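Student: One predicted model, sequence on top.
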There are 2 protein chains.
Amino acid sequence: MLNPVTPDFEKLLRGLLPAAAFKDDSTPYLSEPRGRWAGQGLVVAPVSTDEVASVVRACAEARIGIVPYSGGTGLVGGQLQQKGPVPVVLSLERMNRIRQVYPSENVLVCDAGVILADVQKAASDIGRLFPLSLASEGSARIGGLLSTNAGGVNVLRYGNARAQCLGLEVVRPDGTIWHGLTRLRKDNTGYDLRNLMIGAEGTLGIITGAALKLAPCPAGLGAAMMAVASPAAALALLAMAGEQIGEGVSAFEIIHRQGFDFLSEVGPEIKQPFDEVPEWSVLIDVGLPAGLSPEEVLEALFATAFEAGLVTDGVIAQNHAQRDAFWHIRESIPEANRRIGSVSSHDISIPLSAIPTFIDRGKQALAEVGAFRINCFGHLGDGNLHYNVFPMPGKARADYEAERPEVKRVVHDLVHSVDGSVSAEHGIGRLKVKDLEKYSDPAKLAMLRAIKDALDPKGIMNPGAVLRGQMPPAEV
Amino acid sequence: MLNPVTPDFEKLLRGLLPAAAFKDDSTPYLSEPRGRWAGQGLVVAPVSTDEVASVVRACAEARIGIVPYSGGTGLVGGQLQQKGPVPVVLSLERMNRIRQVYPSENVLVCDAGVILADVQKAASDIGRLFPLSLASEGSARIGGLLSTNAGGVNVLRYGNARAQCLGLEVVRPDGTIWHGLTRLRKDNTGYDLRNLMIGAEGTLGIITGAALKLAPCPAGLGAAMMAVASPAAALALLAMAGEQIGEGVSAFEIIHRQGFDFLSEVGPEIKQPFDEVPEWSVLIDVGLPAGLSPEEVLEALFATAFEAGLVTDGVIAQNHAQRDAFWHIRESIPEANRRIGSVSSHDISIPLSAIPTFIDRGKQALAEVGAFRINCFGHLGDGNLHYNVFPMPGKARADYEAERPEVKRVVHDLVHSVDGSVSAEHGIGRLKVKDLEKYSDPAKLAMLRAIKDALDPKGIMNPGAVLRGQMPPAEV
């Protein structure tokens, strides 16, 4: 069993760290973006890897849990512990230095507490791209982005957070430091500890530094929105884009009419790209090498797709402002969703060819549960849909407390039946511990458990996240 | 302690598997490409995942070691066990079905025993590319390629074997099967077991199936060889190529004059691309989307690089035959090396910006050990050099038995001092177990050990590979 933080333990920590590491107000660290759960804990913010290590050693010694806290933008409760023995909440916000930039290597090494937008800016300052990009990039920090293997809009081209990382520095659950900050592209010396730590959601150690991979900036950027005949047509268009444009396709997002309807209903305000809002549309973003015109390449794609009957309408951005306007639509949908208030939202991924079936069956299956509005949108290029279920007009989230578990079960069962994943990019946190147990192959669960017990034998690292620990998983 | 295969155990296995699974001649399975070590063991070749599982269960029960055997092309002895209790050698050669191809998903699912060239062909048959490519592609099999996280010539653009894999089927050391054959691009449900198994060299389980990622075929292929002023100039040219051509650069190989000299001395025969052989040259390969001419793009790169003083001479392939001829040069160098016979060869990677320093210092440090010819060539784009040390003319490998350990130590110490890796793409096998111990961070070693013990508690999987097991590591 873990022990709670006591006044004596707090005194001990105050002896180890300077006063600046302690917060007067712990409130911001004990809430989460959707306001659904409240955490608990003593907040400390070490300024260096050595300070992190000394906190961890003290916690290990006293068998006190540690909840690593990065930008606090996670959506599955990985950053807060509601119940159980009061833990230490270890914030990385003061570890926010970019340690070194290697332009000739396309590498940037930084503390784990650096905000994503600051990494993007540092890359841009030397004419490079750090391709990880998502809605919370102004507050999400590198440590959390890596710990959750964050996704976002450019995964199709550049991969998820895992693919952007070459090396890590990690404080292990016993307080020793793994100096794994390599800048190498190839290193086959032993098991892949880097990728094990990435996506472990702070349950195997605390990432304190990272060597990140930068990419060349594409010479020409462009975007188009196209109305597609169906999800199947969208997939055929995706394959056609791959054949015609190759790796130049940076993002391929699908939007259902429901998203446009929500934007009309509750905002944010957007400029309608189509004369008539289509049932399904896609946003295609490209970044091309010198010598190719994004507008011409997208026009050629549209022409071929129109001829093949895949698209019925389309607009191609003629300048950066129009491209930004397209992205503003896409990025406003989550805010519109928040304003409506979902009954249940699902971050799922589906094998590409099963997506049309999933969308059809999902609609039918939910109709048997009740009357809902479904907003299905997201990163079609990666098979990652945000499949969110909303109240009918005039009703609110609170009117559906009874249906919620059944909605979630129906969606997740259907995802599982087509070999999909019930957490594509948000992770498990504490919200989906039971889903992980329910839908995972037993051999996989046995390996997860064995690894956790081997690397964190006292169970102090982010207790109850990913795997059931001393505490029962959160009720959802 | 492990037990050896006994006549009784063989009888038991013969009861579990049909006669076709047993080999009359085990010789080919007990040797390796350079002929330096001989293995031992009872060879069995199951035809299905269930048969593999039944062999593993029997071995686990009897505490008998298992050496997984794929294409047998590994260079570090991972596929054979010289000493210790006689193991079962489990060959995957009969598991050679391509299970299913999903053109619209760019995914191919196959048995682990499929030969790389057959996967490349199946991809090509549907107009796609499977980008993993290396010298032994006609005999190397997918299971071994994944287990060693193989590299090759296209890593710069497409990543190593790890980056080509979406999902795995694995028989665990207790004989249970992990059904992890997902085709999903995004799946954040628990720790990254896939990447843990990839590169584990068969020490954590046996990969029996894989879901592989295909890429669109580039519309236009091209190549150039350019004479560069120095390794530093080659690196500047690499950065320039990235800026001008982006992801279109598929390979960027460096060749030292020593390679050309060896080809002249012992063959294979090649067509000299340069009027005068330069001290350093590079082979640049590109694959571009429609609308760009590879020749024009490479000419533009050459012009900019010439103006910047980076290149002094260059030839651009005007057709596929010329491109093939350039690659024939590059791919003949390892054969020339074999004919000369190295004193010691090193598969190393170095942070890009440290490469010029490494090359200078390596030359100096080896001169203090003795007189050698150094052939330094390889995948400069990935920082991966094949840094091979050869006898002086008129002498042979056997004349340098006394110097070999010192040569290896000098090279590896130098690699380590510039934050490089002593195994970039070949893995640890049994040859580099001591190097892993010597050069690894203690925290890393502790984690490797903990993971091995947690996932293979009896230590039966490829005993003595990667980590010291019941047996002492091979003497090298």
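Tutor: Received, thanks.
Student: tell me the secondary structure for the spatially most central residue of chain A?
Tutor: Computing the C-alpha centroid of chain A and ranking residues by C-alpha atoms, centre = their mean puts A:Ala150 first, at 3.6 Å. Assigned with DSSP: H, G, I helix; E, B strand; the rest coil, A:Ala150 falls in the coil class.
Student: Quick check: chain neighbours aside, which residue is closest to it?
Tutor: Excluding its sequence neighbours, the residue lying closest to A:Ala150 (C-beta to C-beta, 6 or more residues apart in numbering or on different chains) is A:Ala161, at 4.5 Å. (C-beta placed from N, C-alpha, C; glycine too.)
Student: re earlier: model confidence for the residue nearest to the centre of chain A, exactly?
Tutor: pLDDT for A:Ala150: 97.
Student: Please enumerate the strands of the stretch 301-450 of chain A.
Tutor: Secondary structure of the stretch 301-450 of chain A by DSSP state E, counting those that start in this stretch: the strands cover A:311-316, A:344-349, A:373-379, A:384-390.
Student: Which residues outside the third one are in contact with it?
Tutor: Same thing as strand A:373-379. A:151, A:153, A:155-156, A:251-256, A:258-259, A:262, A:330, A:333, A:337, A:359, A:362-363, A:366, A:384-393, B:186 (C-beta atoms under 8 Å, 6 or more residues apart in numbering or on different chains).
Student: Among the residues you listed, which are located in helices?
Tutor: Here DSSP state H is the test, and those give A:155-156, A:258-259, A:262, A:330, A:333, A:337, A:359, A:362-363, A:366 as lying in helices.
Student: okay if I get these as CSV plus neighbour count and pLDDT?
Tutor: What follows is the ones in helices among the contacts of strand A:373-379, written out as CSV (neighbours: other C-beta atoms under 10 Å in any protein chain shown; pLDDT from 0 to 100):
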residue, neighbour count, pLDDT
A:Val155, 26, 95
A:Leu156, 23, 94
A:Gln258, 20, 98
A:Gly259, 25, 98
A:Phe262, 23, 98
A:Arg330, 22, 96
A:Ile333, 25, 96
A:Asn337, 21, 96
A:Ile359, 20, 98
A:Gly362, 22, 98
A:Lys363, 12, 97
A:Leu366, 23, 98
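Student: List just the nearest of those to B:Gly464.
Tutor: A:Val155 (39.2 Å; C-beta to C-beta).
Student: Next one: the nearest residue to the closest one once chain neighbours are set aside from A:Ser349, what distance?
Tutor: When the adjacent residues along the chain are set aside, A:Val155 lies closest to A:Asp382, with 4.9 Å between them (C-beta to C-beta, 6+ apart). Distance, A:Asp382 to A:Ser349, by C-beta to C-beta, to the nearest Å: 7 Å.
Student: what do the two both touch?
Tutor: A:424, B:185-186.
Student: need the strands of the stretch 301-450 of chain A in a markdown table with distance to A:Val286 and mean pLDDT, can you?
Tutor: Compiled in a markdown table, the strands of the stretch 301-450 of chain A are given as follows (distance: least, C-beta to C-beta, whole Å; pLDDT from 0 to 100):
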| stretch | distance to A:Val286 | mean pLDDT |
| --- | --- | --- |
| strand A:311-316 | 10 | 97 |
| strand A:344-349 | 23 | 96 |
| strand A:373-379 | 15 | 97 |
| strand A:384-390 | 19 | 97 |
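Student: got CSV for the ones you listed, with distance to B:Lys121 and mean neighbour count too?
Tutor: Output for these, formatted as CSV (distance: least, C-beta to C-beta, whole Å; neighbours: other C-beta atoms under 10 Å in any protein chain shown):
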stretch, distance to B:Lys121, mean neighbour count
strand A:311-316, 33, 20
strand A:344-349, 29, 25
strand A:373-379, 31, 22
strand A:384-390, 31, 25
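Student: what would the ones you listed look like in a markdown table with distance to B:Gly209?
Tutor: A markdown table is the format used below for the strands of the stretch 301-450 of chain A (distance: least, C-beta to C-beta, whole Å):
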| stretch | distance to B:Gly209 |
| --- | --- |
| strand A:311-316 | 37 |
| strand A:344-349 | 20 |
| strand A:373-379 | 27 |
| strand A:384-390 | 24 |
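Student: re earlier: quick one: contacts for the residue nearest to A:Val155?
Tutor: A:Asp382 neighbours (C-beta under 8 Å, 6+ apart): A:151, A:155-156, A:349, A:424, B:185-186.
Student: repeat for A:Leu445
Tutor: A:Leu445 touches A:436-437, counting by C-beta under 8 Å, 6+ apart.
Student: likewise the one 5 residues further on?
Tutor: Under the criterion of C-beta under 8 Å, 6+ apart, the contact list for A:Ala450 reads B:454-455.
Student: Can you read off the pLDDT for it?
Tutor: pLDDT recorded at A:Ala450 is 97.
Student: go on, A:Met471?
Tutor: 51.
Student: And the one 4 residues further on, by the same measure?
Tutor: Confidence at A:Glu475, expressed as pLDDT, is 45.
Student: And for A:Trp37?
Tutor: The model's pLDDT for A:Trp37 equals 87.
Student: looking at it, it is touching A:Gln82, isn't it?
Tutor: Yes: A:Trp37 lies in contact with A:Gln82 (C-beta atoms under 8 Å); the separation is 5.3 Å.
Student: Pick out whichever of the two has more residues nearby.
Tutor: A:Trp37 (19 against 15; other C-beta atoms under 10 Å in any protein chain shown).
Student: Closest one of the ones in helices among the contacts of strand A:373-379 to A:Ile126?
Tutor: A:Val155 (23.5 Å).
Student: OK, contacts around the closest one?
Tutor: A:379, A:381-382, A:384, A:425, B:185-186.
Student: if we take the residues you listed, which one ends up nearest to B:Leu288?
Tutor: Among the contacts of A:Val155, and counting by C-beta to C-beta, the member closest to B:Leu288 is A:Gly381, at 21.0 Å.
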